[in-house]
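Q: Coordinates only, no sequence provided:
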Ligand SMILES: Nc1ncnc2c1ncn2[C@@H]1O[C@H](COP(=O)(O)OP(=O)(O)O)[C@@H](O)[C@H]1O
Ligand SMILES: [Mg+2]
């Protein structure tokens, strides 16, 4: 029953208010037809008796109290889907914008989805080899994980995302079941172009579905974009058994849109003006990653999130970090040193890696190597701080070897460049080689067996062609005692 | 048909106009789909209801049904090993009937009413019974005997009993005649309102520790059975891991794990792991003593608020049977945020950071339900609550952390810097505390060693001293410190890396019995004393360090199995021998 109403009671921000509306349901979809024939869409966000508040996705520009007809469609927002969406480009609310016409509809799904039953989930354990040492060794990506990139303006997050996509494709043994869903939210045209171009280059364009809401597109529509993208992803994963990698950028723009919507509704703002339900709202997006029982597919999310002012305690990265299964944090200082990818090691984390690495997955020593690299690199930081206070010359031999280790680690391990692809074995061996430049006694996260198997000081210093006096000294002194 | 109709809908908040039919906190069914809701405010003109399920698709003028009782859950055999959402809907059953997504509404049976339980009837004809008396029992899982108790409001004489045998939860086991001559039928199940505490005979002092096998907890900041602890920490600092470690290894009889507004995968992980993990004491799968409540972050917010009460009500019910129950609530901040969200929709006047003014009283009411008690039927049981707190921006001055701190006596503060360097459990020893030590002193003296607490004290003192020295080292390096201070730094390293740091993924290190913890402290302190004595002779610390005895002591946690406690004595002799041998 498509009832139609003439005119409005009130317009405020992106919200319109109607009176005398009967029999409408919460969150149902609305069409607003302007006098000039343009059509906008919206959603019922509040009902009070016969007064209804509608959020207009395209915004309320040019809407007056008298120039509209409003039609209630009687159902929540649905996205038409079929396998044909692969290779297509849609706007942020799911309408095709590539000039190729409507898609054939196999199934129309509510974009809000329903919560996945935890009982139906399968705990993700299979790692995706990205070819990037810092990620594979230290922040291992697991199929079905939600692992955001925390970044800042001017940092090469898009390049990193593309690199992951390229290698993830190769890593999927059944490449034909691999696909990408890309959601752009409030990013610039160049960014969208960069991704389109890179997908072409990587020869995956036919396997990409894009939902694009650019920075000059309607802001409220942005609230739909990730939901459309994830509905498509769930459809491809659970109905067609595909391994879907979802890239969403930029989460911060999405949150700003939510803030704008919330304040136009007159809601009580929380931290930095964001609504109190920001956590729940983000969770309704991020929790739509995973693997479920009795299907072959998976949904892996790599959201990109720019931290305002590089501040990781800002509500958007903060709440995101509480929901996602870790984070890859990019570091401006490393970037300025010319290191690519500039993965900030210490604050980065993959929560799922603990169950997806080691014997039977990567290699037995993986977890110990990762932990030891974290510890060693944190000592590099301490040693550098100390050096900046007392001067490098005054450092103890041990602190010296950490300074050397840090430089080598950044140069050889982190700074991999955009084109090199390392296997996990190469990565772990490189890790051992770097750790072997340190005295054995420093490797306190290793058990004696692993040390015996992998630690090789001579090989390390020859390989890196660095014979640092202090390291030798520190090492030699411990060696001497051992030998007697 | 109901003549109370929905007037307004705003997210999870629904109102009904001009009705006098509702009671405060009454459970109601909202709409044609019968969504579960609760009355949270009543004025002359308007009744406000919070709905525990998604209101998408709900329409004004749909009916609202009263039930006459506050929001309650069903208690009875079949809860153990099960997984429920925040309002006690059985998730496995929902998955069996509806597939991978949790649908809205619907009428699902909470407990299996066809399963036959092997019941032993304990009550005798003519026996006088009252609330809480245990009248029958059945083996619910291999670990838990479910003791059936007389429900609230029934008192009188047993006038009919069935024979021992197999019964369902629908079957009447006995009949009780009260003083008015009225007959009450007793089955294996009863209902209880989740926001009402179940009564006890008396509260007892807390003088037994809840042992977790985690060194920094048991040896440094122990919690008592019946106590309450908060685990605050920024994201990724290890709150959930610590909760899982407790759920796996702590020596409670029953675990109730509440995933409140957190990740779905973490509940899946518990489900998968606990079926495989074997309880070290009983050799039975851990699921046999565990109830999971999963109201994940993407499930409706109001039910998140309820999940905490659902969990603690189940805990009280098993406590009343005489069990020690431990509750893990991950995370109480999400529960507080649910309160905030609902309060915001009601346009209540916010206090700090948008939280309602009643936040502190709600937090205290929750933690008050912990305790070691004599139950109404004269047994002893306890509820220990361990609540994770997720402070915004990892800033502990925010309202939920601060208010929680007021009502718990253990504070295990997780530290981002420690997590960054992968020092787990990332509990910051400088700001964490336990106030239970005085009550637990006797227990440690009797069951472990009279030296246990003095050792603990020494370790804490050394850590404090190390902390002070590190401030200096950060500025000038460690080279110029005198040897006795260097020794404190070195021994601090041994304590931190060899004792406090504990690897949850290592087969032995994941759970360490108290006597091993004690021995480890003993060896470390012996190393300290022996080195100190050596320095007193005017000799150099670097000679001791070169022997690598410090590294050896750090690795003893891996090198000595949990069963080989005697080996620690070899370490003591080895330390003496090594130092004596230095030329
Ligand atoms: N005791 C521990 N041993 C080893 N690793 C740990 C330990 N505690 C935490 N971790 C690591 O830290 C990560 C984050 O821990 P988690 O408990 O999920 O944090 P939180 O719940 O505070 O966000 C885990 O995935 C794991 O890798
Ligand atoms: Mg957690």
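A: Ah, there it is. Note that the structure is predicted; figures quoted are calculated from it, not measured. Ligands and ions are numbered 1, 2, ... in the order given.

Q: Near the residue lying closest to residue A:96 once chain neighbours are set aside, how many residues? Count them for me, please.
A: The shortest distance from residue A:96 to any non-neighbouring residue, by C-beta to C-beta, 6 or more residues apart in numbering or on different chains, is to residue A:90 (5.5 Å). Glycine gets a C-beta too; all of them are placed from N, C-alpha and C. Neighbour count of residue A:90, defined by other C-beta atoms under 10 Å in any protein chain shown: 23.

Q: any idea which element residue A:90 lies in?
A: In the assignment (DSSP states H and E), residue A:90 maps to strand A:89-91.

Q: And for that strand, what's in contact with it?
A: A:96, A:97, A:98, A:209, A:210, A:211, A:212, A:213, A:217, A:221, A:228 (C-beta atoms under 8 Å, 6 or more residues apart in numbering or on different chains).

Q: now swap in stretch A:269-281 and tell me
A: So stretch A:269-281 is in contact with A:255, A:258-259, A:262-263, A:267-268, A:314-316, A:319, A:322-323, B:11, B:261, B:297-298, B:301, B:334, B:337, B:340-341, B:344, B:353-354, B:392, going by C-beta under 8 Å, 6+ apart.

Q: let's go with 6 Å and repeat that
A: Residues external to stretch A:269-281 that are found in contact with it (C-beta atoms under 6 Å, 6 or more residues apart in numbering or on different chains): A:259, A:262, A:267, A:315, A:319, B:301, B:340, B:341, B:344, B:354.

Q: Residue B:321 touches residue B:147, doesn't it?
A: Yes. Taking C-beta atoms under 6 Å as the definition, residue B:321 is a contact partner of residue B:147 at 4.0 Å.

Q: Now the buried members of the contacts of strand A:89-91.
A: Among the contacts of strand A:89-91, the ones that count as buried by 16 or more other C-beta atoms under 10 Å in any protein chain shown are A:209, A:210, A:211, A:212, A:213, A:217, A:221, A:228.

Q: Redo those as a markdown table? Include pLDDT, secondary structure and distance to ligand 1.
A: Formatted as a markdown table, the buried ones among the contacts of strand A:89-91 follow (pLDDT from 0 to 100; DSSP: H, G, I helix; E, B strand; the rest coil; distance: C-beta to the nearest ligand atom, whole Å):
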| residue | pLDDT | secondary structure | distance to ligand 1 |
| --- | --- | --- | --- |
| A:209 | 95 | strand | 31 |
| A:210 | 94 | strand | 32 |
| A:211 | 95 | strand | 30 |
| A:212 | 94 | strand | 33 |
| A:213 | 94 | strand | 30 |
| A:217 | 90 | coil | 34 |
| A:221 | 90 | helix | 32 |
| A:228 | 96 | helix | 29 |
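
Q: filter those by proximity to ligand 2?
A: Checked against ligand 2 using C-beta under 5 Å from the ion, the buried ones among the contacts of strand A:89-91 give no members in range.

Q: ok, and which of the residues you listed reach chain B?
A: Residues of the buried ones among the contacts of strand A:89-91 in contact with chain B (C-beta under 6 Å from any C-beta of the partner chain): none.

Q: name the helices or strands packed onto the lengthiest helix in chain A?
A: In chain A, taking DSSP state H as the definition, the longest helix is helix A:366-390. With contacts taken as 3 or more C-beta pairs under 6 Å, 6 or more residues apart in numbering or on different chains; DSSP states H and E, helix A:366-390 sits against helix A:397-408, helix A:424-435.

Q: Residue 461 sits in which helix or strand?
A: You didn't say which chain, so I picked chain A. In the assignment (DSSP H and E), residue A:461 maps to helix A:457-463.

Q: Hmm, no, I was thinking of chain B.
A: helix B:452-476.

Q: I'd like to know which residues of chain B are adjacent to ligand 2.
A: Residues of chain B found near ligand 2 (C-beta under 5 Å from the ion) are B:239, B:240.

Q: Taking the centroid of chain B, which residue is nearest it?
A: residue B:328 (2.0 Å; C-alpha atoms, centre = their mean).

Q: State whether it is indeed within a strand.
A: Yes. Applying DSSP: H, G, I helix; E, B strand; the rest coil, one finds residue B:328 inside a strand.

Q: pretty sure it is touching residue B:384, no?
A: No. Judged on C-beta under 6 Å, residue B:328 makes no contact with residue B:384 at a distance of 9.5 Å.

Q: and the residue nearest to residue A:96, what are its bridge partners?
A: residue A:96, residue A:211 (DSSP bridges).

Q: Okay, it and residue B:460: tell me how far apart.
A: To residue B:460, residue A:90 is 61 Å away according to C-beta to C-beta, to the nearest Å.

Q: ok, now residue A:422?
A: Taken as C-beta to C-beta, the span from residue A:422 to residue B:460 is 45 Å.

Q: before we move on, the earlier item: I'd like the next helix or strand past the helix holding residue B:461.
A: helix B:483-493.

Q: looking at it, residue B:55 is touching residue A:26, isn't it?
A: Yes. Applying C-beta under 6 Å, one finds residue B:55 in contact with residue A:26, separated by 5.0 Å.

Q: okay, and the common contacts of these two?
A: Common contacts of residue B:55 and residue A:26, defined by C-beta under 6 Å, 6+ apart, comprise residue B:9.

Q: Tabulate the contacts of strand A:89-91 (CSV), appending distance to residue B:455.
A: Shown next, in CSV, are the contacts of strand A:89-91 (distance: C-beta to C-beta, whole Å):
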residue, distance to residue B:455
A:96, 71
A:97, 70
A:98, 71
A:209, 62
A:210, 63
A:211, 61
A:212, 64
A:213, 62
A:217, 65
A:221, 64
A:228, 61
